[in-house]
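Asks: Please find the sequence and the predicted model below.
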Amino acid sequence: MKPENAIEVKNITKSFKIYLDKGHTLKEKTLFSRRRKYEKREVLKGISFEVKKGEAIGLIGHNGCGKSTTLKLLTKIMYPDSGTIEMRGRVSSLLELGAGFHPDLSGRENIYINASIFGLTKMEIDERVEDIIAFSELEEFIDNPVRTYSSGMYMRLAFAVAINVDADILLIDEILAVGDTGFQTKCFNYLKRIKAKGTTIVIVSHSMGQIEQICDRSIWIHEGRIKAKGIPKEVDMQYLDYMGEQRQAIAEKEEKRKKQEKLKKAVAEKNQKENVSEKTVAPEEKKRWGNGKAQITSVKMVKNGEKESVSFQTGDDITIQLAYSVNETVEDAVFGIGIFRMDGLQCYGTNTRIDMLDKFNLNKDGVAEIKLADVQLLPGEYLLDVAIESDMGIPVDYFREAYRFEMFSAVSDVGVARVPHEWTV
């Protein structure tokens, strides 16, 4: 093992047997032996990486890619099928917070039990028990049985024990959402401090913001292999682009399914000859209206000038394309758009009149485009309304919820849109 390294992982593989129908008792295993079918699932397919002393790395990837399995192999909860793992120093893991806590014992008694699991002697625990209690902020309840604790209190105590064992290597698996917001900030700041003191940290998280704040490198695990590694911002962007493509594929599949259902419904209604007039349609169900002089025939949202998409990243350039057909000349035409959150809150809206374009008439079929640069909508689902008006605001074709799209990003701002800003303290 290299002297500058704290962790060396070399070509590890790990697979599991996934039983389709497994007997649990001796009787079931004897009588139904043929039902013990399983499939072998290879989770890790040759992972290799090194972590230097005092370095923090983040493991990222979609659910089921092998991140948590890698961390469990590092903690020796399980062992690899092949390959080697070498580690130097005392290891503390924050995987299953509170594992080993006894519900009938007090919080103080559980501190001694849990800390001893991490390798501390009674004398060492005596020296830091008050620090652990103070960090957990549970002084008032520390001598009560743990079964009387809320889930947040339980997690606080477990976290306080795990990070106060003076570990050389700290392994963390998606547990930074501990307690309330104030305590989460306290935990995160503490991790920064122990990293500055030289503790080696390996963290698994879906929060790109956390990874970028605390880690020196990111490792992207994809389908059991390392797909990319390097500076967190660069690797995270590659991962987010991939996840955006996956979300788009899922959204397109869902949209296709909805269209098929809508077509089936239309055919069924036609077969039943249920001709419902506009007057019988409830106002809240009516999503399109106008005098019909022109009609929007298709709506597209194009990502960064490349291809149509239903999934965008905060900061993308988005072009909205409205194809239309003209049945009768529309004098002094106006095109408009409106972007709404799923709860109905309007996030943005504009039209050609607001933007003071020269007046124009619609005489023939065509396409209208509006280019939205650096769209800073925060992650979530949104609906796009589009419209054509004629002079004096007469509706020609109002089309509510014409397009559904999704925004995603690594930012953790709150609200509707991200406002560019810069702090000076």
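Replies: Nice, thanks for sending it over.
Asks: Going by neighbour count, list what's buried in stretch 237-252.
Replies: Using 16 or more other Cβ atoms under 10 Å as the test for burial, stretch 237-252 gives 239-240, 242-244, 247-248, 251. (C-beta placed from N, C-alpha, C; glycine too.)
Asks: from those residues, which single one is nearest His62?
Replies: Relative to His62, the closest of these is Met243; by Cβ to Cβ it sits at 6.9 Å.
Asks: on that earlier part again, format the buried residues of stretch 237-252 as JSON lines; extra columns: pLDDT and secondary structure.
Replies: Formatted as JSON lines, the buried residues of stretch 237-252 follow (pLDDT from 0 to 100; DSSP: H, G, I helix; E, B strand; the rest coil):
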{"residue": "Tyr239", "pLDDT": "85", "secondary structure": "helix"}
{"residue": "Leu240", "pLDDT": "77", "secondary structure": "helix"}
{"residue": "Tyr242", "pLDDT": "81", "secondary structure": "helix"}
{"residue": "Met243", "pLDDT": "78", "secondary structure": "helix"}
{"residue": "Gly244", "pLDDT": "72", "secondary structure": "helix"}
{"residue": "Arg247", "pLDDT": "73", "secondary structure": "helix"}
{"residue": "Gln248", "pLDDT": "70", "secondary structure": "helix"}
{"residue": "Ala251", "pLDDT": "73", "secondary structure": "helix"}
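Asks: any idea which of these is closest to Arg128?
Replies: Using Cβ to Cβ, those come closest to Arg128 at Tyr239, 37.9 Å.
Asks: Just list the residues touching the closest one, thanks.
Replies: Contacts here follow Cβ atoms under 8 Å, 6 or more residues apart in numbering; on that basis Tyr239 touches 60-61, 208, 218, 220, 228.
Asks: let's go with 6 Å and repeat that
Replies: Counting by Cβ atoms under 6 Å, 6 or more residues apart in numbering, Tyr239 makes contact with 60, 220.
Asks: Numbering from 16 from now on, please.
Replies: Yes, from this point I'll number from 16; that puts the last item at Tyr254.
Asks: Backbone dihedrals for the spatially most central residue of the chain, please?
Replies: Nearest to the mean C-alpha position of the chain, counting by Cα atoms, centre = their mean, stands His221 at 5.9 Å. Torsion angles at His221 (phi, psi; degrees, to the nearest 10) stand at phi -90, psi 0.
Asks: and the gap between Ile229 and Val217?
Replies: 11 Å (Cβ to Cβ, to the nearest Å).
Asks: State the distance from the residue nearest to Leu88 when sequence neighbours are not counted to Gly167.
Replies: Distance criterion Cβ to Cβ, 6 or more residues apart in numbering; nearest residue to Leu88, sequence neighbours excluded, is Pro95 at 5.5 Å. Using Cβ to Cβ, Pro95 is found at 35 Å from Gly167.
Asks: so the residue lying closest to Asn179 once chain neighbours are set aside, which of the three states?
Replies: In space, and not counting its chain neighbours, Asn179 is closest to Ile147: 4.9 Å by Cβ to Cβ, 6+ apart. Per DSSP: H, G, I helix; E, B strand; the rest coil, the secondary structure class of Ile147 is helix.
Asks: can I assume Ile147 is in contact with Ala177?
Replies: No: with contact defined as Cβ atoms under 6 Å, Ile147 does not reach Ala177; the gap is 9.7 Å.
Asks: Please list the residues outside stretch 176-187 that contact it.
Replies: 21, 86, 89-90, 104-109, 126, 129-130, 133, 135, 143, 146-147, 214-218.
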